[in-house]
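**Student:** sequence first, predicted coordinates after that:
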Amino acid sequence: MLIRSEALADQLAIDRLLKNVFPTEAEAALVRALRENGHNTLSLVACNDDGEVVGHLMFSPVQVGETDTGVQGLAPLCVHPDYRQQGIAAQLVREGFDTLNEFGYPACVVLGDPAYYSRFGFKPAADFGLRCKWDVPAEAFMAFEFAQGAFEQTSGEVAYCPEFDEL
């Protein structure tokens, strides 16, 4: 399995994957809009041995307390159903973390399953003084610091890019 940055030639394959994995086309539209509006910080793909895109992960900037602090939002993350339970999503997340950390981004937030994301070190965002803009279960909104103390000077409401409001 090869994990790499998204290339222009991958965009149609990513679009098909998102439409295949999610129940509606909302996530595919979200990814296209984030790309078109320059809100794609990092987009990774997982390719099988034939070079087919079988997994995708995107990070985009979020604002904390109406300030751009460099914190990134993880969403969406998906793997083709035929390739699940093989650790591909975990590889995408770890590679994403390594790349964002290497580029100096301080932290990441995610809205998702706490049982899944806690294994990567995500903790309840409320532990860092963060709250989600949307009315979501507190335990589903989580944060991860690439460097300890990344949220010490940052707290408040977290707002994803405006494209997420269309979901």
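**Tutor:** Sure thing, it's come through.

**Student:** those strands in the chain, which residues are they?
**Tutor:** Secondary structure of the chain (DSSP state E): strands at 2-5, 42-47, 53-64, 67-79, 107-111, 123-124, 130-132, 141-145, 156-160.

**Student:** in this structure, where's the longest helix?
**Tutor:** Scanning the chain for the helix with the most residues, using DSSP state H, yields helix 88-102.

**Student:** list the helices and strands that helix packs on?
**Tutor:** Counting contacts by 3 or more C-beta pairs under 8 Å, 6 or more residues apart in numbering; DSSP states H and E, helix 88-102 is packed against strand 2-5, strand 42-47, strand 53-64, strand 67-79. In short, each C-beta sits where N, CA and C put it, glycine included.

**Student:** got those as TSV, with mean neighbour count, distance to residue 26 and mean pLDDT columns?
**Tutor:** Converted to TSV, the helices and strands packed on helix 88-102 look like this (neighbours: other C-beta atoms under 10 Å; distance: least, C-beta to C-beta, whole Å; pLDDT from 0 to 100):
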stretch	mean neighbour count	distance to residue 26	mean pLDDT
strand 2-5	12	24	96
strand 42-47	20	17	98
strand 53-64	23	14	97
strand 67-79	20	9	94
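
**Student:** reformat the ones you listed as CSV; add distance to residue 107.
**Tutor:** Formatted as CSV, those follow (distance: least, C-beta to C-beta, whole Å):
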stretch, distance to residue 107
strand 2-5, 21
strand 42-47, 14
strand 53-64, 9
strand 67-79, 5
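
**Student:** compare the ones you listed and report which one is nearest to residue 95.
**Tutor:** strand 2-5 (4.7 Å; C-beta to C-beta).

**Student:** how much space separates the spatially most central residue of the chain from residue 104?
**Tutor:** Central residue of the chain (C-alpha atoms, centre = their mean): residue 74, 1.7 Å from the mean position. Counting by C-beta to C-beta, to the nearest Å, the separation of residue 74 from residue 104 is 17 Å.
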